[in-house]
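Colleague: Predicted model and sequence follow; I will ask about them next.
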Amino acid sequence: MRHVSTRTATDKAFAIALVLKAIDALGEVAGGLWLLLIDPQWLQGWAAAFFAPELREDPHDFIATHILHGVIQFRQHAMLFAAAYLLSHGVAKLVVVVEIVRGRLWAYPGLIVLTALFAAYQLYHMAVAGLTPGYLALTLFDLLIIALTAVEYAKLRARPRQPRRAPPCRGRQG
């Protein structure tokens, strides 16, 4: 007898999105820790050396000039803010993703609220600092996560609950 999968396309998309969210969260934690450990001047020197060949070839290279400009503007307080942002964002996402995988129902609304808060911040940032492709892609991905999580949560809540078994009695034995 063949096993027929009951997983829908949204179930699969949600599973893929959770894996991507976990990878993103691990990257944010690693990036936040890295920012805590490096010196801004070291980063500036490294970026200047890394992009020097490209800028000698094309002094107006869009990516190289923007990254180098951003790194030069990076100061210690900005690095601490970025590290705190990445660490808080990454750790919070990891917690809710792990709890969803563990089957904790509360983690679904937790992921929705957490993702909505960060998406709101990203929208605010784009309104103040200007639209960037990276922030736009991240915000659209977060909105997709919210939608997929809401669909999965609604499906889980609609399922009939299994009655809990009483724990075995651990009284004295004869």
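Modeller: Sure thing, it's come through. Residues are numbered from 1 along each chain as shown.

Colleague: For the helix or strand of the chain with the lowest mean pLDDT, which outside residues touch it?
Modeller: For the chain, counting by mean pLDDT, DSSP states H and E, helix 62-73 ranks last in confidence among helices and strands (a mean of 79). Contact partners of helix 62-73, identified using CB atoms under 8 Å, 6 or more residues apart in numbering, comprise 43-44, 47-48, 51, 54-55, 58-59. Every residue, glycine included, has its C-beta placed from N, CA and C.

Colleague: Please state the offset of it from the chain centre?
Modeller: 24 Å (CA atoms, centre = their mean, to the nearest Å).

Colleague: got the buried residues for it?
Modeller: The neighbour-count check on helix 62-73 (16 or more other CB atoms under 10 Å) flags 64, 68, 71 as buried.

Colleague: what's the next secondary structure element after that helix?
Modeller: As assigned by DSSP states H and E, the chain's next helix or strand after helix 62-73 is helix 76-101.

Colleague: Using PDB, list the CA coordinates for the least confident helix or strand of the chain.
Modeller: What follows is helix 62-73, C-alpha atoms only, in PDB (Å, rounded to 0.1, in the frame of the first residue of the first chain):
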ATOM      1  CA  PHE A  62      28.100  50.800  -7.400                       C
ATOM      2  CA  ILE A  63      28.400  47.900  -5.000                       C
ATOM      3  CA  ALA A  64      32.000  48.500  -4.000                       C
ATOM      4  CA  THR A  65      31.500  52.200  -3.400                       C
ATOM      5  CA  HIS A  66      28.400  51.700  -1.400                       C
ATOM      6  CA  ILE A  67      29.800  49.000   0.800                       C
ATOM      7  CA  LEU A  68      33.000  50.900   1.400                       C
ATOM      8  CA  HIS A  69      31.100  54.100   2.200                       C
ATOM      9  CA  GLY A  70      28.900  52.200   4.700                       C
ATOM     10  CA  VAL A  71      31.900  50.600   6.400                       C
ATOM     11  CA  ILE A  72      33.700  53.900   6.700                       C
ATOM     12  CA  GLN A  73      30.600  55.400   8.400                       C
END
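
Colleague: got the contact list for R75?
Modeller: For R75, the contact set (CB under 8 Å, 6+ apart) comprises P40.

Colleague: Check the gap between it and L43 for me.
Modeller: Noted for R75: a distance of 11 Å to L43, by CB to CB, to the nearest Å.

Colleague: Alright, that wraps it up for me.
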